[in-house]
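Chemist: what follows is a protein structure lacking sequence information:
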């Protein structure tokens, strides 16, 4: 597609923006041109301190992984919306991040949803993670319009020594035959706690080795087109009894929402129905055509965003 067919002679880079510069418009421009962008100090130390306090007990009881990709000296904790209120309300729902997702994803869907949520803590002696694409789980050809946008939040400082995320700027424009090689520039996303790297799911990236004696902790939040199955099963990670405690916006973001025209229904109702307290009686089937889908079944053809 236009603007994503190849890198040409353009010099790609990891764009770094300070908090007052990190507007949605600037981040989107960086993502489309280079595939990645760091927004420094996007949340306060107080917010990230709460996130750390909520997740530390889960990290303490979690063992390290058992593979090269997962990391033999790396701990991974999922289900973050249920386990950390601050991750859900302060990070996943951050207004700048959601504005970026609006611009990057809504052209191909009526709404997007949160896909994976994971706290990743890279321990001492961890080796480099193989460079990979987050959107490789879906059968789309590259290059193309984005289907996944990932945000990695720095809980601890990300440095060149402790396992920061490595990126290959511009690789979101590559086709499916090209792989990262010795001649491709790999850039490390060094950033302080409270910062975030946002990148196109087609961008090659991976965790760097940790040469220090301390753990490097980050949070991965992926956003995907609303008609794609979520990478993490959010309905098991955050079942109705837990989802009822969330704000309406976060309930919808994790998937308790009908995607127009009628994808993901429950008892022929919008799945938000499952979060309502009731007497156990069965509902009647609903029309299932929400406002964004058009006025009637005759509008179905135009209600679906074709790709």
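Modeler: Arrived safely, thanks for sending. Please read these numbers as outputs of a predicted model, since none were measured by experiment. Numbers count the residues shown, from 1 in each chain.

Chemist: distance of the residue most central in space within the chain from residue 57?
Modeler: Per C-alpha atoms, centre = their mean, the C-alpha nearest to the average position across the chain is that of residue 222, at 1.3 Å. For residue 222, the distance to residue 57 equals 24 Å [C-beta to C-beta, to the nearest Å]. All C-beta spots, glycine's among them, are computed from the backbone N, C-alpha and C.

Chemist: again, but for residue 223
Modeler: 27 Å.

Chemist: out of these two, which sits in the busier spot?
Modeler: residue 223 (27 against 11; other C-beta atoms under 10 Å).

Chemist: and that one, helix, strand or coil?
Modeler: Assigned with DSSP: H, G, I helix; E, B strand; the rest coil, residue 223 falls in the strand class.

Chemist: and if you look at residue 198?
Modeler: Residue 198 - assigned by three-state DSSP - is strand.

Chemist: quick check: bridge partners of it?
Modeler: As for beta bridges, residue 198 partners with residue 37, residue 151 under DSSP bridges.

Chemist: neighbours of it, how many?
Modeler: So residue 198, with other C-beta under 10 Å, has 29 neighbours.

Chemist: can I assume it is in contact with residue 99?
Modeler: No. Residue 198 is beyond contact range of residue 99, at 11.2 Å (criterion: C-beta atoms under 8 Å).

Chemist: buried ones in the longest helix along the chain?
Modeler: Longest helix in the chain, counting residues (DSSP state H): helix 45-60. Of the residues in helix 45-60, those buried by neighbour count under the rule 16 or more other C-beta atoms under 10 Å are 47-48, 50-52, 54-55, 58-59.

Chemist: stretch 213-229 now?
Modeler: 215-228.

Chemist: between these, which sits nearest residue 135?
Modeler: Proximity of the buried residues of stretch 213-229 to residue 135 was ranked by C-beta to C-beta; the top entry is residue 224 with 8.4 Å.

Chemist: so residue 117: helix, strand or coil?
Modeler: strand.

Chemist: what is the neighbour count of the residue nearest to it when sequence neighbours are not counted?
Modeler: Nearest non-adjacent residue to residue 117, counting by C-beta to C-beta, 6 or more residues apart in numbering: residue 80, 3.9 Å away. Residue 80: 28 surrounding residues under other C-beta under 10 Å.

Chemist: test my guess that residue 80 contacts residue 114.
Modeler: No. If you go by C-beta under 8 Å, residue 80 and residue 114 don't touch, sitting 9.4 Å apart.

Chemist: between the two, what contacts are shared?
Modeler: Common neighbours of residue 80 and residue 114, counting by C-beta atoms under 8 Å, 6 or more residues apart in numbering, are residue 221.

Chemist: show me where the stretch 1-150 of the chain has its strands.
Modeler: With DSSP state E, counting those that start in this stretch as the criterion, the stretch 1-150 of the chain has strands at 15-17, 36-39, 74-78, 112-122, 148-154.

Chemist: please verify my assumption that residue 151 contacts residue 201.
Modeler: No. Using C-beta under 8 Å, residue 151 is not in contact with residue 201; the gap is 10.9 Å.

Chemist: more neighbours, those two?
Modeler: Between residue 151 and residue 201, residue 201 has the larger neighbour count (other C-beta under 10 Å), namely 24 against 21.
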